[in-house]
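Student: turn this into a model:
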Amino acid sequence: MLDALREGAKTTTSLCAVLPELSRFAVMQHLRVLEGAGVVLVRREGRERWNELNAVPIQRELERWLNSFQQASASQLLAFERHLQASDPQDKEE
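Tutor: Numbering: from 1, shown residues only. From the prediction side, this is the model:
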């Protein structure tokens, strides 16, 4: 569903066509959850409901999630550098 919305805003009906394995009810339930999370923005035009991807919360969570890996990697690299410096015989001769 997010991949379909990444291409641009879609009506609920067009999302149902893109996701034939889901019932209309299931598509609407998923959209409600995504809207509640702020990931999907909804605007109504007459009887049509247009669903649009809001990338900001996705980007925020991605950065939060990746930062934990980057911090761990940086810590590991720093520990490795300290280990190398501690075991370098040239450092001990000085």
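Student: how's the chain carved up into domains?
Tutor: 2-53, 56-93 (automatic domain parsing).
Student: looking at the ones you listed, which has the lowest confidence?
Tutor: With a mean of 76, domain 56-93 has the lowest mean pLDDT of the domains of the chain.
Student: which parts of it are buried?
Tutor: Buried residues in domain 56-93, defined by neighbour count with 16 or more other C-beta atoms under 10 Å: none. Any C-beta I mention is one placed from the backbone N, CA and C, and that applies to glycine too.
Student: also stretch 23-43?
Tutor: Buried, per 16+ other C-beta under 10 Å, within stretch 23-43: 27, 30-31, 34, 39-40.
Student: next step: those residues restricted to helices.
Tutor: Judged by DSSP state H, the buried residues of stretch 23-43 include 27, 30-31, 34 as members of helices.
Student: taking these together, which two end up most distant?
Tutor: 27 and 34 (10.5 Å; C-beta to C-beta).
Student: residues shared between the contacts of those two?
Tutor: Common neighbours of residue 27 and residue 34, counting by C-beta atoms under 8 Å, 6 or more residues apart in numbering, are residue 1.
Student: which one is residue 8 nearest to, not counting chain neighbours?
Tutor: Closest residue in space to residue 8, ignoring its immediate chain neighbours: residue 52 at 7.7 Å, by C-beta to C-beta, 6 or more residues apart in numbering.
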